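Colleague: I'd like to go over a predicted model; first the sequence, then the structure.
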Amino acid sequence: MLLAGKGHHVRLWAREPEIVNSIQKHKKNSVYLSDLTLPENITSSGELGEVIRGSGLVVFATPSHTIRSMAEKVRPLLEGNERIVSVAKGIEMDTFLTMSQVLTEVLDGVIEEDHIGVLSGPSHAEEVSRGMPTTVVASSTSRNTAVFIQQTFMTPQFRVYINRDIVGVEVSGAVKNILAIAAGIADGADLGDNAKAALITRGLTEIRRLGITLGASQDTFSGLTGIGDLIVTCTSQHSRNRNVGYRIGKGEKLDDIITSMDMVAEGVKTTKSVYEWSRILNVTMPITEKVYQVLFEDVSPQDAVYELMTREPKEEVIF
Ligand SMILES: NC(=O)c1ccc[n+]([C@@H]2O[C@H](COP(=O)([O-])OP(=O)(O)OC[C@H]3O[C@@H](n4cnc5c(N)ncnc54)[C@H](O)[C@@H]3O)[C@@H](O)[C@H]2O)c1
Ligand SMILES: O=P(O)(O)OC[C@H](O)CO
C-alpha cells in the first residue's frame, strides 16, 4: 500500500492461490486485509518469476523461518543489480543468523552484501496499510542502501530513520517477540500493570545484553527498533505474539493456539533459537528462559513468575 501510494508498480507474490485470485479479480487480500481495497498498481501472481524479473527492489515479507527457502527460490531469478530488503523479524534456528545474514549467505555470488538491508520498527501492518502515523528504521552495512530504503519508503505517514547498526536493529526486532509473549502471558494471567512494566524494562536489558555481546551499539536499544518495537508488541491488540502469550496466560495449550491461527507468531520459534543461543554465548536472559520453559517444558506461568521474582537479589545493572 505504501509503495503503491508512492507510484511504484508493486508485484505481490503469495503462496495462497485464493489471495492471488482475489487481488487479481477484486483488488482485495481476502485473507489478511479483507476490508481494504488495493490500488490498481498492486498486482499479484503465484509465479515468482513474474514478480521478481525486472524488479529494482525485492522485499522479503514472509515469516522469518521461511526466508532461507524463499531466498533459495528467488536467487535464480535475480539479475544481480536489485536491492533486497527484509522486513522479517527472527533469528534462524541452529545457525543463529539474522534475516539479512541469511539473505547475504543464500544470495552470495548474485547480490553484493551492500545491496541488502532491513526495514524494522514498531509497525503493525493493520495500521501502516491504513496510513496511520508510523516511524521505523532502515539499516544496511552500506549507507547508500540504507538511504535508498529510507527514500523509497518514506511518506508523510511513514517516517524512516537510518541506523547503521544492523545487528542491533535485527536482534532487537527478533527478541522483542519473545518478550511480547511474556507480556501477553502476564495480561492473560491478570498479573497487573506493574508486572508488565517490569517485563518490558527487564526484557530490554536482555535484548541489550545479547545485542552488545554480538557487537551492537548501545544507542540502538533506546531507539525505534529497541524500546519502540518492544512497547508496541508488548501492548498492541494487533500483536500475534502478545496474543499467543495472552491465551497461554488464560490456560490454553500452545499446540491448540498455533493450530487455531492463520498467521505466524514468530516469537515461538525465536524463543527456541535465542534461548539456545544465549546458553552458547553465556548471556543471562532469565525472562527468555522462563518463556522457553512455559512454552516447551510445561512450566506453569505462575511457577515461572515465582522463579523470576525469587532469583538472588541483585543490583540493577544494565549490562
Ligand atoms: N504483520 C505485521 O504487522 C508486521 C510488521 C512488521 C514486520 N513484520 C514481519 O514481516 C514478516 C511477515 O509477517 P506477516 O505478518 O505478513 O506474516 P503472516 O503470518 O501474515 O504471513 C505472511 C505470508 O507469508 C506466507 N507464508 C507463510 N509460510 C510460508 C512459507 N513457508 N513459504 C512462503 N510463504 C509463507 C503466508 O501464507 C502469508 O501469505 C514477519 O517476519 C514479521 O515479523 C510483520
Ligand atoms: O504481530 P507481531 O507480534 O508479529 O508484531 C508485528 C510487528 O513486529 C510489530 O512491529
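Modeller: That came through fine. It should be emphasised that the depicted structure is a prediction, and the values quoted were computed from it without experimental measurement. Ligands and ions are numbered 1, 2, ... in the order given.
Colleague: where along this structure do the strands fall?
Modeller: For the chain, applying DSSP state E gives strands covering 10-13, 42-45, 57-60, 83-86, 116-120, 134-140, 158-162.
Colleague: Can you name the residues of the stretch 151-300 of the chain that neighbour ligand 1?
Modeller: 263-264, 266 (C-beta under 6 Å from any ligand atom). C-betas here are computed from N, CA, C, even on glycine.
Colleague: Who wins on neighbours among those?
Modeller: residue 266 (22 neighbours; other C-beta atoms under 10 Å).
Colleague: from what I can see that residue touches residue 241, true?
Modeller: Yes. Residue 266 is within contact range of residue 241, at 7.0 Å (criterion: C-beta atoms under 8 Å).
Colleague: Spit out the contact partners of the spatially closest residue to residue 243 that is not a sequence neighbour.
Modeller: Nearest non-adjacent residue to residue 243, counting by C-beta to C-beta, 6 or more residues apart in numbering: residue 184, 6.2 Å away. Applying C-beta atoms under 8 Å, 6 or more residues apart in numbering to residue 184 gives the contacts 234, 239, 241-249.
Colleague: Could I get the residues you listed in CSV, plus columns for distance to residue 300, pLDDT and neighbour count?
Modeller: Compiled in CSV, those are given as follows (distance: C-beta to C-beta, whole Å; pLDDT from 0 to 100; neighbours: other C-beta atoms under 10 Å):
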residue, distance to residue 300, pLDDT, neighbour count
234, 21, 98, 26
239, 23, 97, 23
241, 20, 98, 27
242, 19, 98, 28
243, 19, 97, 21
244, 16, 98, 25
245, 14, 98, 33
246, 16, 98, 21
247, 14, 98, 19
248, 10, 97, 23
249, 10, 97, 22
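Colleague: These in helices, which ones?
Modeller: Residues of those located in helices (DSSP state H): 234, 241-249.
Colleague: before we move on, the earlier item: let me have the residues of the stretch 151-300 of the chain next to ligand 1 in CSV, extended by pLDDT and distance to ligand 2.
Modeller: What follows is those, written out as CSV (pLDDT from 0 to 100; distance: C-beta to the nearest ligand atom, whole Å):
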residue, pLDDT, distance to ligand 2
263, 89, 8
264, 90, 8
266, 95, 6
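Colleague: of all the residues you listed, which comes closest to residue 170?
Modeller: residue 266 (12.6 Å; C-beta to C-beta).
Colleague: List the contacts of the nearest residue to the closest one once chain neighbours are set aside.
Modeller: Nearest residue to residue 266 in three dimensions, chain neighbours excluded: residue 90, at 4.8 Å (C-beta to C-beta, 6+ apart). Applying C-beta under 8 Å, 6+ apart, we find residue 90 in contact with 63-65, 67, 99, 174, 177, 266, 269-270, 273.
Colleague: Next, give me the two most distant ones among these.
Modeller: Greatest spatial distance among those (C-beta to C-beta): 67 and 177, at 14.8 Å.
Colleague: So for the two, which residue has more residues nearby?
Modeller: Neighbour tally, residue 67 and residue 177, criterion other C-beta under 10 Å: the higher count belongs to residue 177, 30 against 24.
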